[in-house]
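Asks: Sequence and predicted structure below; questions after.
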Amino acid sequence: MTQPSLDLVIAALEKIREKSDHAPRASRTALARLQADPTGGSLPEACTSPTERYLQAPNKADLLAAVRERVGACTKCAHLACSRTQTVFGVGNPDADLMFIGEAPGADEDQQGEPFVGRAGQLLTRILKAMNFAREDVYIANILKCRPDMQAGSFGNRPPTPTEMQTCRPYLMEQVEIIQPTVLVALGAVAVEGLLGTRATMRELRGRWHTYNNIPLMITYHPAYLLRNQAPSEKRKVWEDMLQVMERLERPISERQRNYFL
Ligand code: SF4
């Protein structure tokens, strides 16, 4: 592709990104083609155009892929490395404005290698839909990348220990640093403890803004809590927290959404 054509493509993509709720997407092959140097060699920075410098900027997806590879081989918690089916790194848009953080993979996530795919995950997807987001628009990750092990014969999931969270947290920090979301949402008290090292009740934490590395952080209940406690008042609390998130992201909010109950 010639330089003027490339400039037009980049300008169009930037316009879509500014005006649309969805970031423009391209396949890896398309990106590779765009990134291929049409001159056949590298130029000194002074000779490169803004477009070339834009294309040479680190790609968030590639940076995340490098962290994912390290996580996949991680054995820092020997007991979890032995018991996991696979690591559960994170999923979603590397350029997301909104990033959700949960505590740890459960049995379903351990099997599928993706966070929030069980019943709680399906509820999170419904909450996102009510906010006019698709799952692919946001980024979802957990503090812990391996499922907390369970004693033989026991069922369900256990919360991660403080030591496990402290050991794994650097990976999440890298994810946040790469993605640089506009807003973070921590789901549940365990995620808050893993993220901020703060132990407090959800009553004290939720519904107001906190910060993590200068990024606004909203704390709300974990969807699993809503599955256990179906009281409309609790569902409404989570939805009010999400309305605050939408306001912070300057997303349009309809009257129907304002009055919505999960
Ligand atoms: S929980 Fe995190 S730190 Fe521990 S083994 Fe898994 S990936 Fe490594």
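Replies: Structure's in. What do you need?

Asks: Show me the shaky parts of the protein.
Replies: Within the chain, the segments meeting pLDDT under 70 span 1-57, 261-262.

Asks: near the ligand, which residues of it show up?
Replies: When proximity is defined as C-beta under 6 Å from any ligand atom, the chain approaches the ligand at 71, 74-77, 80-81, 87, 144-146, 164, 167-168. Yep, even glycine has a C-beta here, placed from its N, CA and C like the rest.

Asks: Selecting buried members of the residues you listed in ChimeraX, what would you type?
Replies: A single ChimeraX command selects the buried members of these (16 or more other C-beta atoms under 10 Å):
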select :71,74,77,80,87,144,145,146,164,167,168
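
Asks: so Ile219 is in which element?
Replies: For Ile219, the enclosing helix or strand under DSSP states H and E is strand 215-220.

Asks: Which elements pack onto that strand?
Replies: Helices and strands touching strand 215-220, by 3 or more C-beta pairs under 8 Å, 6 or more residues apart in numbering; DSSP states H and E, are strand 183-187, strand 209-212, helix 232-248.

Asks: burial measure for Pro252, as a count.
Replies: Each residue near Pro252 was counted by other C-beta atoms under 10 Å, and the total is 8.

Asks: who's in contact with Thr220?
Replies: Going by C-beta atoms under 8 Å, 6 or more residues apart in numbering, Thr220 touches Val185, Ala186, Leu187, Arg206, Gly207, Lys237, Val238, Asp241, Met242.

Asks: How about Gly102?
Replies: Counting by C-beta under 8 Å, 6+ apart, Gly102 makes contact with Pro115, Phe116, Ile140, Ala141, Asn142, Ile143, Leu187, Gly188, Ala191, His222.

Asks: which residues sit in contact with the second one?
Replies: By that I understand Phe116. Counting by C-beta under 8 Å, 6+ apart, Phe116 touches Phe100, Gly102, Glu109, Leu124, Thr125, Ile140, Pro223.

Asks: measure the fourth one to Val245 for me?
Replies: Note on Leu124: its distance to Val245, by C-beta to C-beta, to the nearest Å, is 13 Å.

Asks: With Gln111 instead?
Replies: In terms of C-beta to C-beta, Gln111 sits 30 Å off from Val245.

Asks: Same drill for the two, tell me which one is more crowded.
Replies: The neighbour count for Gln111 versus Val245, taken as other C-beta under 10 Å, is higher for Val245 (23 against 15).

Asks: Surely that one touches Ile219?
Replies: No - checked against C-beta atoms under 8 Å, the pair Val245 and Ile219 is beyond contact range at 10.8 Å.

Asks: Common neighbours of these two, please.
Replies: Here Val245 and Ile219 have Val185 as joint contacts, going by C-beta under 8 Å, 6+ apart.

Asks: got the contact list for the residue nearest to Asp108 when sequence neighbours are not counted?
Replies: Among residues not flanking Asp108 along the chain, Gly118 sits closest, at 3.6 Å (C-beta to C-beta, 6 or more residues apart in numbering). Going by C-beta under 8 Å, 6+ apart, Gly118 touches Gly106, Ala107, Asp108, Glu109.

Asks: Next: Cys146.
Replies: Going by C-beta under 8 Å, 6+ apart, Cys146 touches Cys74, Cys77, Leu80, Ala81, Ser83, Arg84, Thr87, Val88, Ala104, Pro105, Asp110, Cys168.

Asks: how near is it to Leu124?
Replies: 20 Å.
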